[in-house]
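Enquirer: quick one, fold the following:
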Amino acid sequence: MIHGIWERRLLEEIDYAKGSFSVAGWLHEIRTDGKKLVLVMSDKSGVKELVLNKEDAPPEILEIPKGSHIVISGSRESPLKIERVDVVSRPDAEWPIDLTKINDHSDIELVKKRHLYIRSPRMIAVLKIQSEILRAAREFLDSEGFIEILPPIISTATDPGLRGAKIAEIDFYGSRMKLMGSMMLHKQMAVAGLEKVYAVSPNIRLEPEEAKETGRHLSQFYQIDLEAVHWTYEDAMHLGEQMLVHIIRSVKERCSKELDFLKRDLRIPRLPFKRLTHKEAVDLARKLGFEANYDKEIPWEAEKAISMRFKEPFWIKDYPDASRGFYDKLGENARLKDFDLMYPEGYGEAISGSEREHTYEGVLRQMKKTGIDPKDYDWYLEMLKFGMPPIAGFGLGVERLTRFICGLQKVWEASPFPKVPGVVSP
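Expert: Next up, the predicted model:
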């Protein structure tokens, strides 16, 4: 019976100074090295090799199977002197994967085995960085006067501008309700009273199965969604780049050990970020050999190729009319007052946002252009009838930001519980 397990120290805190110690962690490997015995263990602090004299080691250590969770107590000497080993949990079968010797962490099979892989040192490092991303984002937005609100999960209406993905629906007491593809409409509802709002919002988008080949699409993901009154889209872009720099700086300062483990040399971008118009981005895509249209969205592969040309994040703005949601405000020359932030190095889209069309008549006009039936958005249109202030905002994908900061191959490596299009997983 183990008492006070919460008092066990982290593996990284064993400094081989004189004194006693007690640590808990997962056992990955036991190997001999001459007269020494090496235990490869891990906990939330990372992987550590515990070296002890073979002749002083309790004989039961050699019988402990890999994958066991154990508590080791002893003296901090070099080598360590182990006085007691308690097995808190042991596997009933041989582990199907070696968590410390995985060659390809983007392997889709690891998505299916996430209930086991989530214990891996690499996944732990990624999730600790993701936690810091969220902490830093909240710190920044709170300091800018934003108020965090709870996001919706279901509603009669959600954002229809999902770029090829389908909206998921459920039966809700005999009525059809939609799962949030984005809280676009709801944050507009909230900002009318609170003036500056944000939420860490879950989104469900039924992407086509082939979308998984891009390595940047999930069917379940999270966004940092924000909105502010009396903003222009330039105001939103300015805040977006300031927030990204704050997050990256915080991660570098507070997660240097995890970045080193991931071998990620993360640079703090310079402000302000470069701005391209949609037309300039299309010109560049064509120059790179891609088919791109001045009146449509830029294809994903073209976006990736453009992203590869940059070493720092950059904006693409002023997309063509009717190429996006009915809530985007129309500016001059049939261009929308909207924008995307792109990560460099081929990581692609980071942020998408706009200045919003806040008038009833204006939204009806844009609905007609984009083929949207106003009957599906009755409460939203009623809200506009009673008046809305000018607003702007954006959404920042949490997993995509984590992928970029950690330098991961696929976006599903940046999620504790990924849902990849067409892949059934825990």
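Enquirer: got any ranges where this structure has weak pLDDT?
Expert: Where the chain drops to pLDDT under 70, the residues are 1-7, 16-18.
Enquirer: would you map out the domains in it?
Expert: Domain ranges of the chain: 5-95, 112-414, per automatic domain parsing.
Enquirer: so for residue 425, which of these sits nearest?
Expert: domain 112-414 (5.2 Å; C-beta to C-beta). Just so you know, the C-beta spots here come from the backbone N, C-alpha and C atoms, and that holds for glycine as well.
Enquirer: now residue 74, which residues is it bridged with?
Expert: residue 21, residue 82 (DSSP bridges).
Enquirer: ok, it - contacts?
Expert: 20-21, 52, 80-84 (C-beta atoms under 8 Å, 6 or more residues apart in numbering).
Enquirer: how near is it to residue 14?
Expert: Per C-beta to C-beta, to the nearest Å, residue 74 is found 10 Å from residue 14.
Enquirer: residue 269 and residue 341, how far apart?
Expert: 11 Å.
Enquirer: re the thing from before, just the buried ones from the contacts of residue 74?
Expert: 21, 52, 80, 82 (16 or more other C-beta atoms under 10 Å).
Enquirer: host element of residue 189?
Expert: helix 184-194 (DSSP states H and E).
Enquirer: which neighbouring elements make contact with that helix?
Expert: strand 196-204, strand 220-229, helix 378-385, strand 391-397 (3 or more C-beta pairs under 8 Å, 6 or more residues apart in numbering; DSSP states H and E).
Enquirer: now do the buried residues in stretch 388-406.
Expert: 388, 391-406.
Enquirer: one more: stretch 336-355?
Expert: 336-344, 346-355.
Enquirer: which ones among those lie within strands?
Expert: Those of those mapping onto strands are 338-343, 348-355, per DSSP state E.
Enquirer: just the strands in the stretch 101-250 of the chain please.
Expert: 147-148, 154-155, 169-172, 175-179, 196-204, 220-229 (DSSP state E, counting those that start in this stretch).
Enquirer: just want the angle from the longest one to strand 196-204.
Expert: Read it as strand 220-229. 160 degrees (axes from the mean of the first three to the mean of the last three C-alpha atoms, to 10 degrees).
Enquirer: ok now strand 220-229, how far from the chain's centre?
Expert: Averaging C-alpha positions (C-alpha atoms, centre = their mean, to the nearest Å) puts strand 220-229 12 Å from its chain's average.
Enquirer: by contact count, what packs against that strand?
Expert: Using 3+ C-beta pairs under 8 Å, 6+ apart: strand 220-229 touches helix 121-143, helix 184-194, strand 196-204, helix 233-254, strand 391-397, helix 398-406.
Enquirer: tell me which of those sits nearest to residue 306.
Expert: Using C-beta to C-beta, those put helix 398-406 closest to residue 306, at 15.2 Å.
Enquirer: other SSEs contacting that closest one?
Expert: helix 121-143, strand 220-229, helix 233-254, strand 348-355.
Enquirer: distance to residue 34 for the ones you listed - can I get that in CSV?
Expert: Conversion of these to CSV gives the following (distance: least, C-beta to C-beta, whole Å):
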stretch, distance to residue 34
helix 121-143, 26
strand 220-229, 49
helix 233-254, 39
strand 348-355, 50
